[in-house]
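S.K.: This is the structure alone, sequence omitted:
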């Protein structure tokens, strides 16, 4: 058996890499979002933020000193911003990367979409 025959059944590294990229595009096309692997972690984090917001309502209801409430508002805002940044990173790694593989107008649309999302985040 020659080396060519021996390697005929095994895909080369380039073919394996192309298959991985195709899998990414297929997963994205099936509606799998960039955050799907950390979905449970994200939900847990959002529930914690939700608890912080309920705590703010309770503080107002209990007539807590306004500076103390503002401190908690700041903490809640930072928690949401941190979550948004993580979600944006996952969007760039998954959705924008998928569009880059496909090329054409899709990459332009995804970059514009991400840029607009960043602009919204900076305005808050």
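M.R.: Now that the structure is in, tell me what you want to look at. Remember, it's a predicted structure, so these values are computed and weren't measured experimentally.
S.K.: For the rest of this, base every contact and every neighbour count on C-alpha atoms.
M.R.: Fine.
S.K.: From residue 91, how far off is residue 58?
M.R.: 34 Å (CA to CA, to the nearest Å).
S.K.: Specify which residue of these two has the higher count of neighbours.
M.R.: Per other CA atoms under 10 Å, whichever of residue 58 and residue 91 has more neighbours is residue 91, with 18 against 13.
S.K.: what about the more buried one, is that helix, strand or coil?
M.R.: Following DSSP: H, G, I helix; E, B strand; the rest coil, the label given to residue 91 is helix.
S.K.: Sort out which residues of stretch 80-91 are buried, please.
M.R.: The neighbour-count check on stretch 80-91 (16 or more other CA atoms under 10 Å) flags 80, 83, 87-91 as buried.
S.K.: Equivalent analysis for stretch 56-70, please.
M.R.: 56, 59, 69.
S.K.: Now do that stretch, average pLDDT.
M.R.: For stretch 56-70, mean pLDDT rounds to 97.
S.K.: Kindly report the same for stretch 100-116.
M.R.: Stretch 100-116 carries an average pLDDT of 90.
S.K.: On the three-state scheme, residue 76 is what?
M.R.: helix.
S.K.: so it makes contact with residue 54?
M.R.: No. Contact criterion CA atoms under 8 Å: residue 76 and residue 54 do not qualify, at 10.6 Å.
S.K.: out of these two, which sits in the busier spot?
M.R.: Set side by side, residue 76 and residue 54 show more neighbours around residue 76, with 19 against 12, by other CA under 10 Å.
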